[in-house]
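Undergrad: When you get a sec, could you give me coordinates for this:
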Amino acid sequence: MRFRALTKAAAILAIVLPTASYAHRAWLLPSATVLSGDNLYVTVDAAISNDLFYFEHHPMRLENLAITAPDGSSVMPENVSTGKFRTTFDMPLSKPGTYRIALTGDGVFGRYKLNGEQKRWRGKLGDVTKSIPTGAEDVKITHSQRRIETFVTLGKPSDTLSKLSGRGLELQPVTHPNDVVTGSEATFQFMLDGKPAANAKVQLIRGGIRYRDNLDEMNLTTDQDGKVKFKPTVAGMYWISASIEDDKVDIPNVNRRRATYAATFEVLPE
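TA: So this is what the prediction gives:
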């Protein structure tokens with residue numbers, strides 16, 4: 001049962017991209033985002049759900065989990081456990097500064113016609129050529145890149161989040177995600193392959209939507225520098241997502257690229 005649940009979750013994660021047009025949302029939720037002290041831990045939940053930060057759909061797999069310490073070193077998760085609706089793990093905080101917790105993934109999905117019938121296919125980058133049958137027509141293949149993140153700071157926030165991979169859609173904070181407060185304008189910058197992601201669609205949602213009549217989201221678009229500005233008025237955990245599509249792909253038989261990003265961060269009272 002667990003294998004089937006995880007397999008189904010992986011398929012959903014490949015399909016469920018963090019944009020406003022999809023009901024399911026993938027997220028990482030730390031038990032705390034800002035801490036002080038020595039040798040502390042946080043527990044992180046990883047799940048896919050309809051209602052943000054509420055466990056009712058599927059757990060996320062952690063095969064591509066990367067935890068980066070403030071000094072750039074890797075941190076291994078502890079006490080990993082996958083249940084019916086969520087995966088949890090503990091993360092040690094042994095160094096002061098900001099930790100980045102990220103899940104990444106690549107895949108391809110396509111549509112084509114075969115003998116007049118519409119077909120769909122989803123798989124890995126290396127399987128495109130062998131998986132599309134000979135004689136297929138109107139073939140449209142999209143490369144999907146996704147990144148899901150959250151951030152935890154021990155002591156004073158550090159600037160380690162400025163070090164990006166340069167691949168796919170990433171967050172380059174102008175306002176540190178562990179330093180967002182109500183009543184003050186925050187600025188986030190999105191980068192695509194290391195360059196400003198202009199005209200990316202961004203959605204910002206406060207948690208607790210299960211208990212609200214309205215989603216109460218902010219729908220934004222990045223400017224030419226890849227930046228969006230927002231001023232939260234209510235404290236709490238927030239989920240931000242961004243997506244962008246282009247045809248800048250250098251992969252045989254792939255027509256387009258769709259890059260998506262999602263992150264959880266906390267807004268504290270002023």
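
Undergrad: Check the spacing between Gly135 and Arg122 real quick.
TA: Note on Gly135: its distance to Arg122, by CB to CB, to the nearest Å, is 20 Å. All C-beta atoms are positioned from the backbone trio N, CA, C, and that covers glycine.

Undergrad: Tell me which of these two has more neighbours.
TA: Arg122 (14 against 9; other CB atoms under 10 Å).

Undergrad: beta partners for the more buried one?
TA: Phe109 (DSSP bridges).

Undergrad: Quick check: it vs Asp246, distance?
TA: 20 Å.

Undergrad: Check Ala198 too.
TA: Taking CB to CB as the measure, Ala198 and Asp246 are separated by 11 Å.

Undergrad: the more surrounded of those two?
TA: Taking other CB under 10 Å, Ala198 and Asp246 do not tie; Ala198 has more neighbours (15 against 12).

Undergrad: Distance check, that one against Arg147.
TA: Going from Ala198 to Arg147 by CB to CB gives 18 Å.

Undergrad: just Lys140 next, same as before
TA: As judged by CB to CB, Lys140 and Arg147 stand 24 Å apart.

Undergrad: Could you say which helix or strand holds Thr129?
TA: Thr129 belongs to helix 128-131 when assigned by DSSP states H and E.

Undergrad: can you give me the offset of that helix from its chain's centre?
TA: 27 Å (CA atoms, centre = their mean, to the nearest Å).

Undergrad: Equivalent analysis for stretch 213-228, please.
TA: On the basis of CA atoms, centre = their mean, stretch 213-228 sits 16 Å off its chain's mean C-alpha point.

Undergrad: Same question for stretch 218-235.
TA: Offset of stretch 218-235 from its chain centre (CA atoms, centre = their mean): 17 Å.

Undergrad: which of the residues in that stretch are buried?
TA: 220, 222, 226-228, 230, 232, 235 (16 or more other CB atoms under 10 Å).

Undergrad: ok, of those residues, which one's closest to Thr260?
TA: Thr222 (13.6 Å; CB to CB).

Undergrad: Hmm, Leu192 and the closest one touching each other?
TA: No: in terms of CB atoms under 8 Å, Thr222 does not count as a neighbour of Leu192; the distance is 9.7 Å.

Undergrad: okay, and the common contacts of these two?
TA: Ala200 (CB atoms under 8 Å, 6 or more residues apart in numbering).

Undergrad: helix/strand/coil for the residue lying closest to Phe85 once chain neighbours are set aside?
TA: Computed as CB to CB, 6 or more residues apart in numbering, the closest residue to Phe85 that is not its neighbour in sequence is Phe55, at 4.0 Å. For Phe55, the assignment made with DSSP: H, G, I helix; E, B strand; the rest coil gives coil.

Undergrad: any idea how far Ala235 is from Phe55?
TA: In this view, Phe55 and Ala235 are 22 Å apart by CB to CB.

Undergrad: Arg25 against Ala263, yeah?
TA: No: using CB under 8 Å, Arg25 is not in contact with Ala263; the gap is 11.5 Å.

Undergrad: Mind listing the shared neighbours of those two?
TA: Residues within reach of Arg25 and of Ala263 at once, by CB under 8 Å, 6+ apart, are 239, 241.

Undergrad: Distance check, Ala26 against Arg210.
TA: Counting by CB to CB, the gap from Ala26 to Arg210 is 17 Å.

Undergrad: Neighbour count for the two, which is higher?
TA: When Ala26 and Arg210 are compared on other CB under 10 Å, the one with more neighbours turns out to be Ala26, at 26 against 12.

Undergrad: ok so Pro177 is a strand residue?
TA: No: going by three-state DSSP, the assignment for Pro177 is coil, not a strand.

Undergrad: Pairing partners for the residue lying closest to it once chain neighbours are set aside in the sheet, please.
TA: The shortest distance from Pro177 to any non-neighbouring residue, by CB to CB, 6+ apart, is to Phe265 (4.0 Å). Note on Phe265: beta-bridge partners by DSSP bridges are Tyr238.
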